[in-house]
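Student: below is the sequence, then the predicted model.
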Amino acid sequence: MPATRWGDPAYATGLPDGVRDLVSLVFPIADRPAREDVTVPAPRLGDEQIAGLRGIVGDDHVVLDDATRRRRTRGKSTPDLLRQRSGDLSDAPDVVVRPASHDEVVAVLGYAQEQRIAVVPFGGGTAVTGGLVADLASGDLTGMLSLDLGRMRGLLGIDTVSSTATLEPGLRGPEAEALLAAHGLMLGHFPQSFEYATIGGFAATRSSGQSSAGYGRFDKMVVALRVATPAGEVRLGASPSNASGPDLREIFLGSEGAFGVITEVTVRVRPLPEVKEYEGWRWSSFAAGADAMRALAQSDLLPTVLRLSDENETMINLADPSGIGGEGNAGCLMITGYEGTPAAVAAKKAAVTAALTELGGTPAGSEPGEAWAHGRFNAPYLRDSLLDNGVLVETLETVTFWSNRENLYTRVKTALEETLGEGTLVLCHVSHVYATGCSLYFTVAAPGGEDPLAKWLPAKAAACEAIVAAGASITHHHAVGTDHKPYLTAEIGEVGVDVLRAVKRAVDPAGILNPGVLIP
Ligand SMILES: Cc1cc2nc3c(=O)[nH]c(=O)nc-3n(C[C@H](O)[C@H](O)[C@H](O)COP(=O)(O)OP(=O)(O)OC[C@H]3O[C@@H](n4cnc5c(N)ncnc54)[C@H](O)[C@@H]3O)c2cc1C
């Protein structure tokens with residue numbers, strides 16, 4: 001993946017005509033190419049330290065060239081891309097180290113602790129909340145190494161009786177699914193970043209995918225973990241469930257590389273679906289559609305995929321980026337998807353169809369659902385072409401109880417519109433549902449002006465403050481990183497933060513792992 005863009009350059013497109021026409025109606029298109037003449041800062045580590053690392057993982061797997069270090073600099077949020085595009089590589093790792101096994105990870109951590117080198121675990125590099133940025137200012141660290149887990153890409157074992165599989169952390173989503181598919185199995189975790197994000201990253205950020213209504217969020221799929229920490233190895237998950245005190249798996253799920261390096265993940269697997277069917281439903285308003293989602297969730301009647309666009313997102317056609325700029329739609333579009341055996345799909349679909357009809361939805365047939373499924377991983381390419389043309393575009397997400405959904409929606413939307421000013425378009429969809437609440441996923445587009453980063457940061461802060469004021473969570477699935485860290489205390493309290501600090505002291509007493517990430 002290029003440093004300044006998303007995905008495979010072969011799929012990069014110019015700004016589609018429909019989108020160009022739409023943007024031009026609101027503000028002039030500008031040419032904003034990424035800078036290529038960029039200097040990566042000189043590595044801070046000495047020759048002896050590099051030799052020490054080479055002694056652990058081999059000469060070929062200690063990489064110092066500028067292009068590799070540039071690609072391991074930060075993640076893929078819009079601020080990350082804007083900094084890369086402007087040539088700001090101040091957060092570049094000094095070196096990229098590529099271990100091949102748990103034991104090599106342990107050895108690298110031991111060496112880094114001795115040498116006072118910060119270690120930032122790197123999976124797919126798709127982080128969007130600053131989780132790949134080490135803060136060296138707070139300690140006496142001599143430099144930063146990016147611990148690239150890309151060589152740890154094995155399927156370590158399958159227990160078909162228990163329906164579990166043990167995977168290495170560096171497997172990307174499609175690689176993991178392909179290994180499981182060879183055994184007729186699947187994981188079923190499909191975030192929009194599926195093609196590049198990794199098993200270790202999913203666990204470390206408590207990711208949630210587009211089929212979460214049917215298959216659950218990633219942390220709920222995890223049965224067991226193996227973690228290398230500077231204080232030693234932690235193995236958790238000797239049984240599917242237990243009453244052996246607090247569940248320590250939860251300490252490492254979502255720990256964003258600050259507590260240890262996840263080197264093995266055992267997940268629940270399920271048979272490959274024989275049938276996949278997606279369709280659309282139309283609702284008179286966002287509130288009416290959300291009420292219908294709540295009714296489904298509270299009657300344990302969830303399809304595999306369930307998402308609902310608000311009026312703006314429906315009008316723009318964001319559920320099908322290839323249709324943006326085409327004929328706009330009124331009301332709100334819901335996507336439902338069913339996966340499984342023919343009998344299970346038919347039964348679930350009949351029950352959901354009856355419930356949605358009763359609740360006042362209008363069936364829109366399979367076309368919107370299939371279009372969504374076809375384009376489900378494409379939107380990030382559109383973000384790049386919008387940035388190329390001077391449009392500031394970014395996403396953010398949050399989660400709350402159903403009773404607070406409307407309040408949260410209104411507060412965040414208003415905060416973004418008021419901060420970004422004229423020409424701003426805020427779109428939203430309900431992306432994940434529970435019996436008790438839902439997550440709201442916002443997409444924002446605004447004229448970027450001369451300095452889109454300076455324009456975005458106050459808007460993001462205003463949105464975060466609106467989330468806190470609404471009593472919602474600062475993140476449903478993007479994690480805390482460095483961007484959300486200032487808002488964590490408001491959510492978990494001072495004592496909660498002390499608990500995190502105590503765990504950090506126990507597993508990483510020298511503070512080398514992802515310093516500055518997660519813990520306020
Ligand atoms: C376009 C786009 C769409 C996205 N869509 C979704 C979505 O639908 N759902 C969703 O949940 N997220 C989404 N994300 C966010 C991101 O993809 C997830 O957070 C993902 O889980 C990160 O995985 P990764 O392998 O890329 O991790 P990285 O970006 O490499 O790392 C993320 C964090 O985890 C740590 N880490 C990584 N691997 C390990 C490990 N093995 N052990 C310990 N710590 C580790 C890193 O140090 C870092 O703090 C999206 C991001 C982008 C850019």
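Tutor: Arrived safely, thanks for sending.

Student: how many other residues sit next to the residue lying closest to residue 167 once chain neighbours are set aside?
Tutor: Taking Cβ to Cβ, 6 or more residues apart in numbering, and ignoring the residues beside it in sequence, residue 167 has residue 199 as its nearest neighbour in space, at 4.8 Å. Quick note: C-beta positions are derived from backbone N, CA and C, even for glycine. Per other Cβ atoms under 10 Å, the neighbour tally for residue 199 reads 30.

Student: how near is residue 199 to the ligand?
Tutor: 8 Å (Cβ to the nearest ligand atom, to the nearest Å).

Student: kindly report the same for residue 24.
Tutor: 25 Å.

Student: ok, that residue to residue 309 distance?
Tutor: To residue 309, residue 24 is 23 Å away according to Cβ to Cβ, to the nearest Å.

Student: ok, residue 126 touching residue 77?
Tutor: No: look at residue 126 against residue 77 with Cβ atoms under 8 Å: they stay out of range, at 9.4 Å.

Student: so what's the residue nearest to residue 421 when sequence neighbours are not counted bridging to?
Tutor: Leaving aside its sequence neighbours, residue 421 sits nearest to residue 446 (Cβ to Cβ, 6+ apart; 7.5 Å). On DSSP bridges, the residues paired with residue 446 through beta bridges are residue 392.

Student: just for the stretch 1-150 of the chain, where's the confidence low?
Tutor: Within the stretch 1-150 of the chain, no range satisfies pLDDT under 70.

Student: residue ranges for the helices of it, please.
Tutor: Assigned by DSSP state H, counting those that start in this stretch, the stretch 1-150 of the chain shows helices spanning 17-26, 47-57, 66-71, 78-86, 102-115.

Student: of those helices, which stretch is the most buried?
Tutor: helix 78-86 (a mean of 22; mean count of other Cβ atoms under 10 Å).

Student: and the worst-scoring helix or strand of the chain on mean pLDDT, what does it pack against?
Tutor: Between all helices and strands in the chain, the lowest mean by mean pLDDT, DSSP states H and E belongs to helix 17-26, at a mean of 83. Counting contacts by 3 or more Cβ pairs under 8 Å, 6 or more residues apart in numbering; DSSP states H and E, helix 17-26 packs against helix 379-388.

Student: buried residues in the helix it packs on?
Tutor: 379-388 (16 or more other Cβ atoms under 10 Å).

Student: so where is the stretch 251-400 of the chain shaky, pLDDT-wise?
Tutor: Scanning the stretch 251-400 of the chain for pLDDT under 70 picks out 319-328.

Student: kindly recompute the last result at 90.
Tutor: 315-330, 375, 378-379 (pLDDT under 90).

Student: how about the strands in it?
Tutor: 261-268, 270-271, 275-283, 305-309, 332-340, 362-365, 391-401 (DSSP state E, counting those that start in this stretch).

Student: what is the third one packed up against?
Tutor: When you say that, I think you mean strand 275-283. By 3+ Cβ pairs under 8 Å, 6+ apart, strand 275-283 packs against helix 286-298, strand 332-340, helix 342-358, strand 362-365, helix 366-375.

Student: contact partners for residue 331?
Tutor: 282-285, 311, 314 (Cβ atoms under 8 Å, 6 or more residues apart in numbering).

Student: just checking, residue 365 touches residue 278?
Tutor: No: contact status for residue 365 versus residue 278: not in contact, 10.5 Å apart, counting by Cβ under 8 Å.

Student: show me which of the two is the more surrounded one.
Tutor: The residue with more neighbours, out of residue 365 and residue 278, is residue 278; 22 against 10, by other Cβ under 10 Å.

Student: what lines up beside the host helix or strand of residue 428 in the sheet?
Tutor: According to DSSP states H and E, residue 428 maps onto strand 425-433. Strand pairing for strand 425-433, determined by DSSP bridges: strand 305-309 (antiparallel), strand 437-447 (antiparallel).

Student: out of the ones you listed, which is closest to residue 157?
Tutor: Closest of the strands paired with strand 425-433 to residue 157 is strand 305-309, at 29.6 Å (criterion: Cβ to Cβ).

Student: and the angle from the closest one to helix 366-375?
Tutor: Interaxial angle, strand 305-309 versus helix 366-375 (axes from the mean of the first three to the mean of the last three Cα atoms, to 10 degrees): 100 degrees.

Student: show me how far strand 305-309 is from its chain's centre.
Tutor: Relative to its parent chain, strand 305-309 has a centroid offset of 17 Å by Cα atoms, centre = their mean, to the nearest Å.

Student: ok, stretch 198-205 next?
Tutor: For stretch 198-205, the distance to the chain centre is 9 Å (Cα atoms, centre = their mean).

Student: before we move on, what about stretch 136-148?
Tutor: Put simply, stretch 136-148 sits 24 Å off its chain's centre (Cα atoms, centre = their mean).

Student: check whether it comes near the ligand.
Tutor: No: Stretch 136-148 lies out of reach of the ligand by Cβ under 6 Å from any ligand atom, never closer than 8.1 Å.

Student: residue contacts, residue 280?
Tutor: Contacts for residue 280 (Cβ under 8 Å, 6+ apart) come out as 333-336, 363-369, 372.

Student: name the nearest residue to residue 193, sequence neighbours excluded.
Tutor: residue 126 (4.2 Å).

Student: quick one: the one you found from residue 87, how far?
Tutor: The gap separating residue 126 from residue 87 is 22 Å, by Cβ to Cβ.

Student: likewise for residue 391?
Tutor: For residue 391, the distance to residue 87 equals 20 Å [Cβ to Cβ].

Student: neighbour count for the two, which is higher?
Tutor: Taking other Cβ under 10 Å, residue 391 and residue 87 do not tie; residue 391 has more neighbours (26 against 14).

Student: I figured the more buried one was touching residue 443, is that so?
Tutor: No: judged on Cβ under 8 Å, residue 391 makes no contact with residue 443 at a distance of 11.7 Å.

Student: dump the residue contacts of the closest residue to residue 53 other than its chain neighbours.
Tutor: Excluding the flanking residues, the one nearest residue 53 by Cβ to Cβ, 6+ apart is residue 62, at 4.8 Å. Applying Cβ under 8 Å, 6+ apart to residue 62 gives the contacts 50, 53-54, 95-98.

Student: turn those into CSV, including distance to residue 261.
Tutor: Converted to CSV, the contacts of residue 62 look like this (distance: Cβ to Cβ, whole Å):
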residue, distance to residue 261
50, 20
53, 15
54, 19
95, 16
96, 15
97, 11
98, 13
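
Student: leaving out the residues flanking it, which one is nearest to residue 470?
Tutor: Taking Cβ to Cβ, 6+ apart, and ignoring the residues beside it in sequence, residue 470 has residue 408 as its nearest neighbour in space, at 4.4 Å.

Student: and of the strands of the stretch 251-400 of the chain, who's closest to the ligand?
Tutor: Closest to the ligand of the strands of the stretch 251-400 of the chain is strand 261-268 (Cβ to the nearest ligand atom; 3.6 Å).

Student: what helices and strands are in contact with that closest one?
Tutor: By 3+ Cβ pairs under 8 Å, 6+ apart, strand 261-268 packs against helix 102-115, strand 117-122, strand 164-167, helix 199-205, strand 222-229.
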